[in-house]
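Trainee: need a structure here:
(one chain, ligands or ions: 1)
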Amino acid sequence: MPYNFDEIIDRTGTNAMNTDGFRDYLFQGADLTFPYADDEFIRMWVADMEFASPPEVIQAVKARLDKRIFGYTKVFDPKYYEALAHWTQKHYDWTFQKEHLVTSNGIVPALYDLVDYLCQPDDKVLIVTPSYAFFKHAVDYHHRELVTSDLANQAGYYTINFDDLEAKAKDEKVSLCIFCNPHNPSGRVWTREELQRVGDICLENNVWVISDEIHCDLLRNGETHTPLAKLFPETDRIITCMAPSKTFNMAGFMFSNVIIPNEQIRAVWQARHYALDNPLSIAAAQAAYQYGDEWVAQLKSYLDDNFAFLKEYLDRHLPQAIFRIPEATYLAWVDIGAYLPEEQNLSLFFAQNAGVLLEGGNMFVANSDGHIRLNVACPRSVLEEGLKRISHALLR
Ligand code: LCS
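Mentor: Residues are numbered from 1 along each chain as shown. Predicted coordinates for the structure are as follows:
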């Protein structure tokens, strides 16, 4: 069955972060007026999609609604584990023990909790930059020191500076690395060799790793994701985070997988968590992993085409922009420094001058000047309009 990713879906009245939350998130609630009404913006910012979730997921939620009672609920039925383990086996040739799986309201809340559980008060946490800002927020919130290692960037292709990473991991106070695999915002799918080195460096230096693999299902065709833990079956010091939220556009269900092989840490998690789940979320997530394969396959092709469209558009209209089609994610990381060398707040610039909501480099911790991040998980017509507005604002 062909799914329709060209459909424009009205999100008004849904309390969507994407439509109603941008002032808080992008502009810290500043009292700003724009020459565009809220519904005139092209929205290419927060990492959710403008596509309907798979009908198979919606059907499963409806079926659960029809059961009519929504009392205290938790994943008891092994069918959820079986669906997820089947998914990871099929796509990544990797599974994990059922007892190692806990669920969380999201990966971000899990990061906040795990920083607390894994790190002593004066420990430090290592990340590579640019980075999804909540890695930093989770560390800051618990008053741990953040240590950053800049990725090297060659014409938009990002690689790890292993000497620097290793030197930083050797600091005895560094006890945790939060590692994004695949990487947001660069879109890198790390190779097995890169992952092997990251794991070796961390484990040799007694550093726990949280491998945030939330983007692992949305790869360009031809790319392969390797769970970090797959390469290190002997260790229990790698925690893997995966979720149906990005893959099936259901972040609002707030249901994520955290795979914690270490018994003590898992016990802390279980003791401190009010470990109940939302019944609709379980139904949605289970159906997604059971029946969502074909939908994801079609989505990936649509995204591949959107990236090809974007690349061609930039080559033609903004040839000084530096952009490489990312290996993963629906997020384009574009260096437009040649066009706006002085501009610091790129989100504000594009909201005011283009009517486009996007995330500027300053939102990605460090090593991200001059960049914008464009979410291309939208109908092609919307993408085209967004790109027209962006290039017009840069060239006028
Ligand atoms: N981890 C990474 C690497 C992410 O990119 C995101 C969402 C999350 C975790 C959030 O997980 P959740 O708590 O929803 O399970 N990334 C977003 C982004 O880059 N912009 O908006 C959301």
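
Trainee: what about Gly2, how many neighbours?
Mentor: Actually, residue 2 is Pro. It isn't Gly. By other Cβ atoms under 10 Å, the residues close to Pro2 number 6. All C-beta atoms are positioned from the backbone trio N, CA, C, and that covers glycine.

Trainee: residues touching it, list them.
Mentor: Gln298 (Cβ atoms under 8 Å, 6 or more residues apart in numbering).

Trainee: same thing with the one 4 residues further on?
Mentor: Taking Cβ under 8 Å, 6+ apart, we find Asp6 in contact with Pro379, Arg380, Ser381.

Trainee: helices - which of those residues land there?
Mentor: Counting by DSSP state H, those place Arg380, Ser381 in helices.

Trainee: ok, so of the contacts of Asp6, who is nearest Gly337?
Mentor: Arg380 (27.0 Å; Cβ to Cβ).

Trainee: sorry, back to before: buried subset of the contacts of Asp6 as a PyMOL selection?
Mentor: If you want just the buried ones from the contacts of Asp6 in PyMOL, going by 16 or more other Cβ atoms under 10 Å, the selection is:
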select buried, resi 379
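
Trainee: nearest to the ligand, out of the contacts of Asp6: which one, please.
Mentor: Pro379 (19.2 Å; Cβ to the nearest ligand atom).

Trainee: now that closest one: closest residue in space that isn't a chain neighbour?
Mentor: Asp6 (4.9 Å; Cβ to Cβ, 6 or more residues apart in numbering).

Trainee: per-residue pLDDT, that neighbour?
Mentor: What the model reports for Asp6 is a pLDDT of 98.

Trainee: isn't there a strand covering it?
Mentor: No: remark: Asp6 does not belong to a strand; assigned using DSSP: H, G, I helix; E, B strand; the rest coil, it is coil.

Trainee: report the separation between it and Ala52.
Mentor: As judged by Cβ to Cβ, to the nearest Å, Asp6 and Ala52 stand 11 Å apart.

Trainee: ok, now Cys177?
Mentor: Distance of Cys177 to Ala52, given as Cβ to Cβ: 36 Å.

Trainee: got it, and Asn262?
Mentor: Taking Cβ to Cβ, one finds Asn262 at 38 Å from Ala52.

Trainee: same check on Gly355?
Mentor: 24 Å.

Trainee: and those two? which has more neighbours close in?
Mentor: Gly355 (19 against 15).

Trainee: ok, the nearest residue to that one once chain neighbours are set aside - how many residues close by?
Mentor: In this structure, Gly355 finds its nearest non-sequential neighbour in Tyr36, 3.9 Å apart by Cβ to Cβ, 6+ apart. Per other Cβ under 10 Å, the neighbour tally for Tyr36 reads 16.

Trainee: contacting residues for Glu223?
Mentor: By Cβ under 8 Å, 6+ apart, the residues touching Glu223 are Val189, Glu327, Ala328.

Trainee: tabulate the residues you listed (CSV), appending pLDDT.
Mentor: Listed next are these as CSV, based on pLDDT from 0 to 100:
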residue, pLDDT
Val189, 98
Glu327, 98
Ala328, 98
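
Trainee: quick one: which of those is nearest to Ala155?
Mentor: Among these, and counting by Cβ to Cβ, the member closest to Ala155 is Glu327, at 14.6 Å.

Trainee: on that earlier part again, let's have the contacts of Asp6 in TSV, adding distance to Val365 and pLDDT.
Mentor: Shown next, in TSV, are those (distance: Cβ to Cβ, whole Å; pLDDT from 0 to 100):
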residue	distance to Val365	pLDDT
Pro379	31	98
Arg380	31	98
Ser381	33	98
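
Trainee: just the contacts of Asp6 that are near the ligand?
Mentor: Among the contacts of Asp6, no residue lies close to the ligand (Cβ under 6 Å from any ligand atom).

Trainee: let me know the closest of the contacts of Asp6 to Phe309.
Mentor: Taking these together and measuring to Phe309 by Cβ to Cβ, the closest member is Arg380, at 6.3 Å.

Trainee: the closest one contacts Asp305, doesn't it?
Mentor: Yes: between Arg380 and Asp305 a contact is recorded at 7.3 Å, counting by Cβ atoms under 8 Å.

Trainee: that older thread, make a ChimeraX selection of the buried ones in the contacts of Glu223.
Mentor: Only the buried members of the contacts of Glu223 end up in this ChimeraX selection, burial being decided by 16+ other Cβ under 10 Å:
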select :189,327,328
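
Trainee: need the contacts of Glu223 in CSV (columns: secondary structure).
Mentor: Output for these, formatted as CSV (three-state DSSP):
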residue, secondary structure
Val189, coil
Glu327, coil
Ala328, strand
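
Trainee: how much space between Trp190 and Gly386?
Mentor: For Trp190, the distance to Gly386 - Cβ to Cβ - is 29 Å.

Trainee: please disregard the earlier target; I meant Asn205.
Mentor: Plainly put, Asn205 is 43 Å away from Gly386 if you go by Cβ to Cβ.

Trainee: more neighbours: these two, which one.
Mentor: Shown here are Asn205 and Gly386; by other Cβ under 10 Å, Gly386 has more neighbours (26 against 17).

Trainee: part of a strand, is the more buried one?
Mentor: No: under three-state DSSP, Gly386 sits outside any strand and is assigned helix.

Trainee: so it touches Val356, yeah?
Mentor: Yes: using Cβ under 8 Å as the test, Gly386 is close enough to Val356 to be in contact (5.3 Å).
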